[in-house]
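# Attaching a predicted model along with its sequence, questions to come.
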Amino acid sequence: MELSTRKRNIAFWVLQFLGWGFINSIAILIPQKISLEMTIFSVIVGIFIGIFSTSILRWYLKRNVHFDAFGVKEVIKIVVSTLLTALLFGLLNVFFGYLYVKFGPELTETEMRMMEGYDKIMLQVLNSLFLVGAWVITYFVIKLLLKLNQNRIERLELNTTLKQAQLNTLKGQINPHFMFNSLNNIRGLMLEDVDKSREMITKLSEIIRYSLTKNNINDIPVWEELEVVENYIDLSKIQFEDRLEFVKKVDEDTLDVRIPPMIIQLLIENAVKHGISNLKDGGRILLAIFKKDNDLYIEVKNTGKLKISKDSTQLGLKNIEQRLKLLYADRASFKLEEISDEVVAQIKIPLT
C-alpha cells in the first residue's frame, strides 16, 4: 500500500508540472512581441501559482471529500473549496503582475496591452475559476478511474482467494471419500488374508501420501497422476482379483500435459465403485488419454449400466465438474453417458 501511495504521489507531481507547464508555455507559441524576460517570468510564476494553489486544494479534498460517503455535503465542500482556490489563484496573479509592472523591465506596447486588467481582482478570479474548475474535474475523473481500477483489482483478488478456497475444499473431499472405500476393502480381507491386507495398507498409504502432498497444487503432469492410478488399480485387483481387467491407452505426447490432481483417480474410483463392484462377473475398465483439436481428452470406459442409486451423493462426479469449472470456466467439459453396455466418462481440458 505504501509503495502504491508513493507511486501515486510521484504521478501527481509529474502531472502537475507537465500540466501547468504546458498551459503556461502556450504563450511562447503565440506570435506576439513580448520580451524573453516576460516570457520566462510568466511561465515560472504561472507554474508556481497553479501548483501551489491546486496542491492546497488537493490537500483539502483528500482529507474532507470521500467517495464512500458522497452526498450533498461533499458537493458543497468541493464547490466552496474550488471558489476559494480560484480566489487565491486570482490574488496571486494580481500580486505577481503588480511586482512585474512595478519592478520589472519597461513594458512594450504589446506587453502593456497584455497586462491590462491585471489589477482587476474579479476579472482575475473569474479567469482563475475556469482553470481551477477544469483542474478539479480532471482530478476527480482520475480519482474515480483509480478507485474503479482498485475495486476491480480487489474483486479479482477476492475471486482468486475464493476460487482457491473452493478448490482446497473440493480437494479435501477426496481423501475421506476414498479412504472410506479402501478401509472397507481392508476390513473385509483382514481375517481372510493377512498378507493381502498388508499389501492393501501399503498401497493405500502411498495413495494417501500422494493426495496429501498434492492438496495445495492445482495441476500436475499426467504421468504423475497415472502412478496413483496404478496404485489404486493394484489395490482394487487384490479385492476383485480376476473380476477386474484394466486397460490403459495413453499417448506419449500427453504424459507431460498438466491436469488437476486426483481427477483421473476419481474417474477410475467411480468406475470401480458404481460399475465393476456391481457386476457378478466383473468387467473391464479402459483408460484412454489423447489429444484432439488442441484439447486433452481423458476417457474412462467401464462395463455396466449407468445407474445412479437414490442414496448416492455423487460426490466424486460433482467434485470433477466443480473443479473443472473453477479452473477452466466453460472451456473444459465433463460428461457421463451409457454407450453399448458401457459407461463412458469423458473429460475435455483445453491445452491453451
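In hand now; what should we look at?
# where exactly do the strands run in the stretch 51-200 of the chain?
When assigned using DSSP state E, counting those that start in this stretch, the stretch 51-200 of the chain turns out to have no strands.
# if I look at Ile220, how far off is Ile263?
10 Å (CB to CB, to the nearest Å). C-beta coordinates here come from the backbone N, C-alpha and C atoms, glycine included.
# actually Val80, not the one I typed
Val80 is 63 Å from Ile263, by CB to CB.
# okay, Ile220 and Ile263: which has more neighbours?
Using other CB atoms under 10 Å as the criterion, Ile220 and Ile263 rank with Ile263 on top: 22 against 18.
# low-scoring pLDDT stretches of the stretch 1-150 of the chain, where are they?
Applying pLDDT under 70 to the stretch 1-150 of the chain flags the ranges 1-4, 27-34, 68-69, 107-120.
# One more: the stretch 151-300 of the chain?
Counting by pLDDT under 70, the stretch 151-300 of the chain contains low-confidence residues at 157-179, 181, 214-216.
# Show the residue spans covered by the helices in it.
Counting by DSSP state H, counting those that start in this stretch, the stretch 151-300 of the chain has helices at residues 194-213, 222-240, 263-274.
# What is the helix or strand containing Val43 packed up against?
Here Val43 is covered by helix 36-64, with elements defined by DSSP states H and E. Secondary-structure packing of helix 36-64 (3 or more CB pairs under 8 Å, 6 or more residues apart in numbering; DSSP states H and E): helix 2-29, helix 72-103, helix 121-190.
# Give me the distance from that helix to the chain's centre.
Taking CA atoms, centre = their mean, to the nearest Å, one finds the center of helix 36-64 at 39 Å from the center of the full chain.
# Tell me what angle it forms with helix 72-103.
Counting by axes from the mean of the first three to the mean of the last three CA atoms, to 10 degrees, helix 36-64 lies at 160 degrees to helix 72-103.
# Show me which parts of helix 36-64 are buried, residue by residue.
38-39, 41-43, 45-47, 49-51, 53-54, 57-58, 60-61 (16 or more other CB atoms under 10 Å).
# and it with helix 2-29, angle?
Calculated by the same axes, to 10 degrees, helix 36-64 forms an angle of 150 degrees with helix 2-29.
# start the count at 229, not 1, going forward
Renumbered: residue one is now 229, and that last one reads helix 264-292.
# ok, Asn318 - contacts?
To be clear, residue 318 is Gly; Asn isn't right here. Neighbouring residues of Gly318 by CB atoms under 8 Å, 6 or more residues apart in numbering: Ile349, Gln352, Val353, Leu354, Asn355, Ser356.
# circling back: which of the helices of the stretch 379-528 of the chain sits most buried?
Comparing these by mean neighbour count (mean count of other CB atoms under 10 Å), helix 491-502 comes out on top with a mean of 22.
# need the contact list for the residue lying closest to Glu570 once chain neighbours are set aside.
By the measure of CB to CB, 6 or more residues apart in numbering, the closest residue to Glu570 outside its immediate chain neighbours is Lys529, 5.0 Å from it. Shown in contact with Lys529 (CB under 8 Å, 6+ apart): Ala499, Arg512, Ile513, Leu514, Ala516, Glu570, Val571, Val572, Ala573.
# follow-up on the earlier one: distance to Ala560 for the helices of the stretch 379-528 of the chain - can I get that in JSON lines?
Shown next, in JSON lines, are these (distance: least, CB to CB, whole Å):
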{"stretch": "helix 422-441", "distance to Ala560": "21"}
{"stretch": "helix 450-468", "distance to Ala560": "15"}
{"stretch": "helix 491-502", "distance to Ala560": "10"}
